[in-house]
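Enquirer: Fold the stuff below for me.
(3 chains)
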Amino acid sequence: MHYNWDWGVFFHSTGIGSEIYLDWFVKGLGWTIALSLAGWVIALLLGTVLGVMRTLPGKVLPRIAAVYVEIFRNIPLLVQLFVWYFIVPDLLPEGLQTWFKQDLNPATSAFISVVLCLGLFTAARVCEQVRTGIQALPKGQTNAAYALGLRIPQIYKEVLLPQAFRIIIPPLTSEFLNIFKNSSVASLIGLMELLAQTKQTAEFTANLFEAFTLATIIYFVLNMGLMLFMRWVEKRVRVPGLIALGGK
Amino acid sequence: MISIKNVSKWYGDFQVLTDCTTEVSKGEVVVVCGPSGSGKSTLIKCVNGLEPFQSGDIIVDGISVGSPKTDLPKLRSRVGMVFQHFELFPHLSITDNLALAQIKVLGRKEDEAKKKGLALLDRVGLSAHAAKFPGQLSGGQQQRVAIARALAMDPIAMLFDEPTSALDPEMINEVLDVMVQLAHEGMTMMCVTHEMGFARKVANRVIFMDKGAIVEDANKDEFFGSPRSERAQAFLSKILQH
Amino acid sequence: MDFSSLVTAMPGLVSGMMLTLKLLVLAIVGGVALGTLLALARLSHNKLLSNLAGFYVNYFRSIPLLLVITWFYFVVPFIIGWLTGTNEPIGAFYSCLVAFMMFEAAYYCEIVRAGIQSISRGQVNAAYALGMTYSQTMRLVILPQAFRKMTPLLLQQSIILFQDTSLVYAVGLMDFLNSARSAGDIVGELHQFLLFAGLVYFIISFGASTLVKRLQKRLTV
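Expert: A predicted model of the protein is given here:
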């Protein structure tokens, strides 16, 4: 098989206006980052609420959160995406449905579907991390907070969550990196994020090695960069004198 | 001030407290002792509702702890508690540990709460450590801060749950000194402890528990002079040897 | 809900599931084997070997699986062509299989490595003291113990892999999800078929992870 290597391919014109192929990658990366961040906001908020629910006294709220986790963890991400993209819009009330399907730019409606999908999928995983973090704290902390007269919302806000979040920074970081990588499923419903742009470049130029190599490098570098950044954050928020957790 | 009436408690089928009845009057210092697993920690945690109980009732300053209508957080804010493992909040500085509940529960202004916290910190001899975090203090220092944190709420009574058992021997006295001082000032105190020296010095009464029941409830002199029950005698002879 | 079209489509769905399971089993076998080799390399005293394995793991863990699947789909035929000089297309199934094996090996490697490290150093010393070689020590003493400990984690990772096999949709392979989707498309009941597929995935994953949890409890007691 014959193959024409050309690492300069990214600076070739795409034939559309004055665009070069590198512009496609930049645009794709923009979508990837937007998807990840928007999905992460949902995942972190909902996941924290669910994680707190799982640790509350009583039966009903912990059970609801547990069922949520099992459902969203045991169905493949792609199936969930199809549900959000193909099924949920059809269930919307008439007016909203027309707006979503016709008035919205197709990229925007795909974006909304993917963000909801990623956010709700990752929330189940964040929930489990938050729960683990809270349960890792000594029971005495809750008792001490109760004994001072704090109420349950105050106990979570002032005592449990600030400690739990410090413990779970590393697993939360990898969940964020997962959402970043998982956002590539958007390419399967036609959203032109990084992977879709890569595929398109490969098909247009036939320089598929170069295109995929660049995409890989972008993912790799961003991943490593984020990991190092989060390690720095972890050090920044470390509590002086606290080596391991727990009462001495 | 604190009146415990026929309190019983079960974990499933296992009975941890059996028909416990006693009284702590205003200004009184009552020491609760007994072998481990005798239910003394459970009993003291029932007083501020940290442990629920199934029968009987506890009245603190006229308010029933067992009643579902009672605003437990409000009641707890008026009763100070000190724990075996200190339970300072490790993510907050000493100052913030002292101020948190004053601000969030009592609604005090931040500077007022901090001022009060610092004054109490000074009283337990730790004002130099205000800006540190709990993990940077020794066990004895942490426990003194924990006492100051409870006092900052202006409690009507203080509960101590084995406040010195997790401490290295050389740190026990610094904590006991603070407690003795508190007793002399007339604080109503209920203390679960093995420190019989402390009991001799300041207790009005001593309660001896075994297997979830109050076996002996006597004046200090009576208890140390001539304990009535055999179990208390055995316990005393064991513990006083050390 | 009308189940008659589901019944009609059943043969297609079953053959889709067979493909999914075939891919899954082969990917687990290949992935665990390669992952174990990588773990041994990572733990080796040879700096170069351990760095190479470390890079492999970091590399695959920081890129999306979907990227690997797509890339391999394009690239593997080229490489095979160069290696063998023929122009035979190998098909999406094998490119996916290679992608899954290589990708999952990075994840299995970390599990195996942690498993090996959890075996006390004393066991290695004891085996060496008996005159065993490195490979005997690993094969006869360390790995059997390590695999026992990490079975639950390996199984959990394999459940994730089971769900991830649905990504072969990207290269048009007719696995279970894709069969369901296309059957649904043909009869005009996409919703029903997608929900059915989701339900099947859920039942298998949930059932398997419940069993794994039970196994885990039994192993820790």
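
Enquirer: What residues does residue B:47 make contact with?
Expert: Contacts for residue B:47 (CB atoms under 8 Å, 6 or more residues apart in numbering or on different chains) come out as B:2, B:4, B:58, B:60, B:65, B:79, B:159, B:190. (C-beta placed from N, C-alpha, C; glycine too.)

Enquirer: Can you lay out these as TSV showing pLDDT?
Expert: Compiled in TSV, those are given as follows (pLDDT from 0 to 100):
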residue	pLDDT
B:2	94
B:4	95
B:58	95
B:60	94
B:65	93
B:79	94
B:159	96
B:190	96
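
Enquirer: in chain B, which segments are predicted with low confidence?
Expert: Along chain B, the parts satisfying pLDDT under 70 run over B:241-242.

Enquirer: same question but for chain C, I mixed them up
Expert: Counting by pLDDT under 70, chain C contains low-confidence residues at C:1-2, C:87-89, C:221.

Enquirer: How about the helix ranked longest in it, which residues are buried there?
Expert: For chain C, the helix with the greatest residue count under DSSP state H is helix C:4-42. For helix C:4-42, the neighbour count (16 or more other CB atoms under 10 Å in any protein chain shown) marks C:5-6, C:9, C:12-13, C:16-17, C:19-20, C:23-24, C:26-28, C:30-32, C:34-36, C:38-42 as buried.

Enquirer: near chain A at all, the helix or strand just after that helix?
Expert: Next in sequence after helix C:4-42, counting helices and strands by DSSP states H and E, comes helix C:47-61. Yes: contact of helix C:47-61 with chain A (CB under 8 Å from any CB of the partner chain) involves C:58-59, C:61.

Enquirer: Please point out which parts of helix C:47-61 sit buried.
Expert: Those would be C:50, C:53, C:56-57, C:60-61, for helix C:47-61 by 16+ other CB under 10 Å.

Enquirer: How about stretch C:198-205?
Expert: Under 16+ other CB under 10 Å, the buried positions of stretch C:198-205 are C:198, C:200-202, C:204-205.

Enquirer: can you put those residues in TSV and add distance to chain B?
Expert: What follows is these, written out as TSV (distance: CB to the nearest CB, whole Å):
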residue	distance to chain B
C:198	40
C:200	40
C:201	39
C:202	35
C:204	36
C:205	34
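
Enquirer: what helix or strand does the most centrally placed residue in chain B sit in?
Expert: Nearest to the geometric centre of chain B sits residue B:160, at 1.5 Å (CA atoms, centre = their mean). Taking DSSP H and E as the criterion, residue B:160 maps to strand B:157-161.

Enquirer: just checking, what packs against that strand?
Expert: Helices and strands touching strand B:157-161, by 3 or more CB pairs under 8 Å, 6 or more residues apart in numbering or on different chains; DSSP states H and E, are helix B:40-47, strand B:79-82, helix B:139-151, strand B:189-192.

Enquirer: try it again with 10 Å
Expert: Packing contacts for strand B:157-161, counted by 3 or more CB pairs under 10 Å, 6 or more residues apart in numbering or on different chains; DSSP states H and E, involve helix A:139-147, strand B:29-33, helix B:40-47, strand B:79-82, helix B:139-151, helix B:169-184, strand B:189-192.

Enquirer: Pick the most deeply packed of those.
Expert: strand B:79-82 (a mean of 27; mean count of other CB atoms under 10 Å in any protein chain shown).

Enquirer: what lines up beside that strand in the sheet?
Expert: Sheet pairing of strand B:79-82 (DSSP bridges) gives strand B:157-161 (parallel).
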